[in-house]
Structures are given as structure tokens and as C-alpha cells.
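Participant: Sequence and predicted structure are below.
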Amino acid sequence: MSAITELSIEDFVAGSPDWLAELRRGAWKRYGELPYPEGREEVWRFTDVKALHPDNFRLLPPDAAPGATPRLEALDLAGVSSAGRLVHVDGSTVERQLSDEARSKGVILCDLETAVREHAELLRPRLGSLVGADDPHTALSLAAHHGGTFVYVPKGVELKEPFQALHWLSASGALVLPRTVVIIEDGANVVFNDVYDSDAIDTPTLAAPVTEMFIGANARVGWVTWQDWGAGCKHLAHVRAHLDRDALLNTLVVTLGGDFSRTWKECTLAGEGAQSYMYGLYFSHGDQRFEHWTLQDHVAPNTTSDLLYKGALSDTSQALYYGTIHIRPNARKSNAYQANRNLALSSHARALPNPQLEIENNDVRCTHGATVGKISDEHLFYLGSRGIPPEEARRLIVFGFFNQVLEQVTWSGMHERLADAIRAKMEGQQA
Amino acid sequence: MSDPILVIRDLHASVDGKPILRGVDLDIPKGEVHAIMGPNGSGKSTLASVLMGHPSYEVTEGTIKFKGQEVIGMAPDERARLGMFLAFQYPTEIPGVPLSAFLRSAVNSVREEDISPREFIQQLRTDLELVGLDQSFGRRNLNEGFSGGEKKRAEILQLALLKPELAILDETDSGLDIDGVRIVAEAVNRLKSPEIGFCIITHYTRILNFTSPDVVHILLGGRVVKSGGRELADHLEEVGYDAVKKEFGYTSDEAEVEEAPQS
Ligand SMILES: Nc1ncnc2c1ncn2[C@@H]1O[C@H](COP(=O)(O)OP(=O)(O)O)[C@@H](O)[C@H]1O
Ligand SMILES: [Mg+2]
């Protein structure tokens, strides 16, 4: 069965304005031309790429009725009011909210289809400009995307409460291709939580979301990607951000769920003085396989990137980290740091750190490092000598390990939820 | 003298198959302060680790009875909950674990009922003061970046909070300046009661000037070779460890199994 032969590209083109129809058809043509990877390519040599072939899944028609509405209380990250919220189920948007404050300041938060109709002047120049039709998955995404979030925050707007987009999956065997486009204008200051969650699904299901972020001069943006799919889901996400002069982006990728998860996070520091702080937190169990691919792309001078990905691995799970720092010829006086730390909680778990440097200007400061450790007997003995039982001691040590990343999470509710997730993982439950 | 709370008989222990303790006999009654003295490498820290149940050391012979119960085979946390405590010679740094969170977990582990947050905060404040550590230490990560002296004080802080019935102090006085030694000794004096026995392991007599021992034991080559009163420590101070080694027929090599870590 082929994902796309049952549906035709025309199902997606129908109802699209000309510019989008052209974009979709072009990407579709490209999808047909690109050879599917064989697994020998650098980006696939660690991975079972055959299992991710779009033909293994069922592309949902754009007018499909969404599945059952999720347990919203389980999804609500903050548990408190947000600046706005979208709920996507199987790629269709079922709930839209925007606070009066945000609306009055000119903020737009809507599903991508609404943005195509109502905000084409903002969307058209950007859709597909950061993540194009580069490989079969991104090409298919551009051709047949459905659902996703559109955010526009005008110049100087500051919002304390986070935006939230919640993605729920229930269609078993589906291929879901949402695209999110984020436009933060100069000097704005916002926080966004992008959450992927589902129950366990019996047939392999693939979510391949694409996120393109445009961050204006002096803007400050906090962005959390929270992936906690149920068993049976595969996740193949691309997040790419473009930062103008003195912009500051603080991102956190949390990976907990699914059978397979690859998140690409790429930041292009295009404007002088731009700063990107990139955090990651993952905890794999069972035979989960997580991959985090990152790119710190320094284009302009005096730019800073600081990356810290920390992960714990239990059972027979695996976690790959593949990160590149790229200093372009013009990026003098830049600082780039990259660290990947792994804590193997079982001798059968495998962490595979793979840091890469590509430096084309020597007037920079650059460090990178990767470690794989385990819980030390000396630590357990010390805590034990204070009466602390081994399970509690291990919990303290694991929380201590994650502390540096947890400290970065200042948004209400998120901290607790992360702590709960880590505890659940340690108790050997499905988070 | 009350019944001993700790009774060690013919204790042999080895690490990686190498014998280090070679027949230790020792009694410590409640309410008394015992000093264990010995040159570097004589097995003092090994004895402390074995008492607390460190997994690297294998007990090959003998018994350790605490409150009448055999503790060999018990996990370290069980021994601690029974009332044993060890202040480490080299306290372990545990990254990212705040001292106060660790202490609360420890206190709740050894107590039958959880301590109330209010009571805990008050107790922590009092005990930080007792050992001369700033209140901000509660938020610091456990031993991470602490100076040598701060680590030793933090050990005594834990002793004060956990209220054990047997406190083993492994060279808590080493690496402290004279003020530090005095603060530790004063804290010990304050915690002394008929309900607790102290086993102060030390290389020097300094700390004994502040907290006078009831009994002094000399450990050489993995055995207690002599026990006596306070005057034994003074004698050691006077003649030095080499003379004592000779007195008991040891050459340097036999008394120290191997070059010992710097204290
Ligand atoms: N974990 C260990 N591995 C190997 N040798 C050890 C270990 N612990 C202690 N030893 C050896 O045992 C002997 C006694 O050491 P220790 O108990 O630390 O003496 P002390 O505390 O009296 O200085 C020394 O020779 C030391 O090197
Ligand atoms: Mg020692």
C-alpha cells in the first residue's frame, strides 16, 4: 500500500489558493524525484530508515473527521491560563482560543488553514523557506501538509503567559504532517509550548511535524517542544529557527514517548549579536530509540549558541545525539558551546553521542563535549549511609543529573509535569 | 559502663582479594567516646567503610553486632536506619542534589514519621549554625564545590540532624584549621549523650584536646594492637607512629599495606 497513491496530490491542492497549489505541486514533483534513502547516508546510517517510509502509513485526507477529542486535562501543560491555545487532533484543529490581551495587542494564533485564507501576505513568503523539500519527508510535508499552528506576534508585544499548541493522535497507522509557522517581530517577548501526546496506538503511526520560526531583532522567545507520544508512534520532527540581530531564543526539547523519535533542531544565527540557548531533556525506556540532531549555524559575527542536552536511558533503549556547530566565514567573535550528557541506568542501554565541528573562522570560542556515565556506587553508598533506600537514592541522583536543565524551566506547571514524567519513568511505567 | 552498642569480633575484610582488616576486636558502649588512632594505611577508613557496609569490601571472617544484631549482610541504608552513622573522610559530591532536599530525604528515611516542613527548616537552621555553615548552604548542591573544611562541617551537620546511636567520624579533623577542629569538637561535645556512642578515627591528637576520649585504640596492620586511656594518645603524640610500629614488631611495610592516600 502506498501512502499517497490512494490519495492524490489534488486532494490537497483542492481549496488551496494558486500560490499554495503551486508550492504543493512543486514539492510533490520533488517527492517523486528524490530517491528514498538506502540507509548508507550519513543522516540515516544509524537508523532504520525503511521503517519511516511514508508508504508504511496512511495519509489522512484533508477533510477527514478528527478522532476522539483528547483528555484535555492530561494535555494542559500549565494548568493555568494561557495567552492562547490550539488543539490539533490527527492534524485537524478542534479548538482555538486567544486571550483578550493577546488579541488586543494584534497577536494572531490560528491553524495553518485559516492563515492560508486570512494571512497569506504573512505566510506566503515564509512557508517552506526554512524547511524546504530537501528530502522525501520534508518534500512530502510541503506537498501534503495539513494542520499545524500559525503564530504572529507584532513588534514589541510582550506576553507573560505561554501559548500552547497541543497535538493529539488517535488515527492508528496514520501519517500526520502538520506545519507550524511562527513569526515574532522585533522586540517581542513570548513563550510557546508545543505538545505532542497520545495514548498507545496499535499500528505504527508516524508524525512528521515541521516548524519554521522567524525571530526578529531584539525579540526574546522561549520555546518548548514536549513529545510524549504513546507506544506505537514514531516522531520525525524538524524545527528550524532564523534569528535576526540581538534576538534571543531559548528552546527546550523534551523527549519521552513513542517508539522512535528524531527531532532536528536547527538555529541560524543570521543577525549580529543573536543568541540561541538550546536545551534538551530525554528519558528513554523499554526499547525506545531517541535521536536528537542539532545545528548551531553561526552566520553573523558576535553570535552565541549554548547547547546542553541531557538524557537518561533505561532498559534496552538507545539515544543518539548528533550535533553540529557550524561557524561560517563571517561569524568572527562568536561563541558556541555544545554538551551532550547521558546517564545509562541499565548496562543494556546505549547512548551514542556524535559531536561535529565545522569552523570557517578562527576568531571564535568553541567547546564541545559528550559523556556517557552511570550511577556511581560511591554515590549510592553515600546516600545509603544516610538511610536513603536505593530506589530513592537513584531518584535523587537522576533528578540531580537533570537539575541543570530543569532549572531552565521557569514556566509554571511545566516543572512539576517534568518531575512527574521523570518519576514515572523511574518507576518503570509508561510515562 | 553500659552494655556495648557495637561489638566487633575477629573482623577480617579484604578488597579485591587483598586482606586489609586482619582480626579487629572492638567494643563501644553507649555514652562513651572512643578514639581510633593509627598511621596512614593502617586500615582505619577500611574499618569505617566495612562497618557501614561499603559494597567494595568483602568481610571474610568475624562479626559486627550493633544493638545485638548482626549487621554483616545488611545494606548501608538498613544499618543507617538501625542507628549507625559514618562521617566520611572524603565526602562524596553529588551534582545537582540540593543539600536541603537530600537532608530531608535522609531524615525522613531514618525516622518513623516524616518530619514536618516547618520543623525541618527550624532544625536545619539550628544545625547549620551549630557547625558554623552559612544558611545559604541549604540551597547548595550536596558537597559540590564545598571546600575541604565545609565538607567536614556538612558531615557533622548530617550527624546532628540524623541523631544516630553510633557515630563514626573518619578523620573529620584532617584538613581543618584549628578553628574548624574546635567547631567540630564542640559540636561533638554538644551531641554527646548517654544515648550515643562515638568512634573518632584520627591521625592526630589535636581533636582529642577538645573532646576527651574515654578509650583510645591503636590500629596497626589491620588489628587493634593496644587500647588504653587518654594517656595512650599522649604517648603516641610523644613518640610518633614509627616508634609504636617498632614496639609492636611491624616494619613500615607491614603496617601499611600499600601507600595510603594523602589525608
Ligand atoms: N578500595 C580500595 N582498593 C584498594 N586498596 C584499598 C582500598 N581501600 C583501602 N585500600 C588499601 O587498604 C589499606 C588501608 O587503607 P585505609 O583503610 O584507607 O587506611 P587509613 O584510613 O588508616 O589511612 C591501604 O593500603 C589502602 O591502599
Ligand atoms: Mg583514612
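Facilitator: Right, received. Where do you want to start? Ligands and ions are numbered 1, 2, ... in the order given.

Participant: For the closest residue to ligand 2 within the stretch 301-431 of chain A, the count of nearby residues, please.
Facilitator: Using Cβ to the ion, the closest approach of the stretch 301-431 of chain A to ligand 2 is made by A:Glu378 at 15.0 Å. For every residue, glycine as well, the C-beta is placed using N, CA and C. By other Cβ atoms under 10 Å in any protein chain shown, 16 other residues sit near A:Glu378.

Participant: Now for the residue nearest to it when sequence neighbours are not counted: which residues touch it?
Facilitator: Spatial nearest neighbour of A:Glu378, excluding adjacent residues (Cβ to Cβ, 6 or more residues apart in numbering or on different chains): B:Thr92 at 5.3 Å. Taking Cβ atoms under 8 Å, 6 or more residues apart in numbering or on different chains, we find B:Thr92 in contact with A:378-379, A:381-382, B:142-143.

Participant: that older thread, so the residue of the stretch 301-431 of chain A closest to ligand 2, which state does it fall into?
Facilitator: helix (DSSP: H, G, I helix; E, B strand; the rest coil).

Participant: In contact with A:Leu177, which residues?
Facilitator: Neighbouring residues of A:Leu177 by Cβ under 8 Å, 6+ apart: A:59, A:91, A:140-141, A:144-147, A:208-210.

Participant: Distance of it relative to ligand 2?
Facilitator: Noted for A:Leu177: a distance of 64 Å to ligand 2, by Cβ to the ion, to the nearest Å.

Participant: quick one on the thing from earlier: the contacts of A:Leu177 in helices, which ones?
Facilitator: Under the assignment DSSP state H, the contacts of A:Leu177 contribute A:140-141, A:144 to helices.

Participant: looking at those residues, which has the most residues close by?
Facilitator: For the ones in helices among the contacts of A:Leu177, neighbours tallied by other Cβ under 10 Å; top is A:Ser141, 28 neighbours.

Participant: For the stretch 51-200 of chain B, what lies in contact range of chain A?
Facilitator: Contacts of the stretch 51-200 of chain B with chain A, taken as Cβ under 8 Å from any Cβ of the partner chain, map to B:52-56, B:75-77, B:79-81, B:85-86, B:88, B:91-92, B:94-97, B:101-102, B:105-106, B:109-110, B:141-142, B:158, B:162.

Participant: all helices in the stretch 101-250 of chain B, in order from the N-terminus.
Facilitator: For the stretch 101-250 of chain B, the helices defined by DSSP state H, counting those that start in this stretch occupy B:117-130, B:148-162, B:178-191, B:230-247.

Participant: swap that for chain A, sorry
Facilitator: A:9-13, A:18-33, A:72-75, A:100-104, A:112-118, A:120-123, A:136-144, A:377-384, A:390-406, A:414-426.

Participant: Name the nearest residue to A:Thr367, sequence neighbours excluded.
Facilitator: A:Tyr337 (5.2 Å).

Participant: which residues does that neighbour contact?
Facilitator: Residues near A:Tyr337 by Cβ under 8 Å, 6+ apart: A:305-307, A:366-368.

Participant: Read off the pLDDT value for the residue of the stretch 301-431 of chain A closest to ligand 2.
Facilitator: As predicted, A:Glu378 sits at a pLDDT of 96.

Participant: From B:Asp173, how far out is it?
Facilitator: 22 Å (Cβ to Cβ, to the nearest Å).

Participant: repeat for A:Ala421
Facilitator: Distance from A:Ala421 to B:Asp173, by Cβ to Cβ: 45 Å.

Participant: Please say which of the two ends up with more neighbours.
Facilitator: Shown here are A:Ala421 and B:Asp173; by other Cβ under 10 Å, B:Asp173 has more neighbours (25 against 18).

Participant: can you give me the strands in the stretch 1-150 of chain B?
Facilitator: Secondary structure of the stretch 1-150 of chain B (DSSP state E, counting those that start in this stretch): strands at B:4-15, B:18-29, B:33-37, B:57-66, B:69-70, B:84-87.
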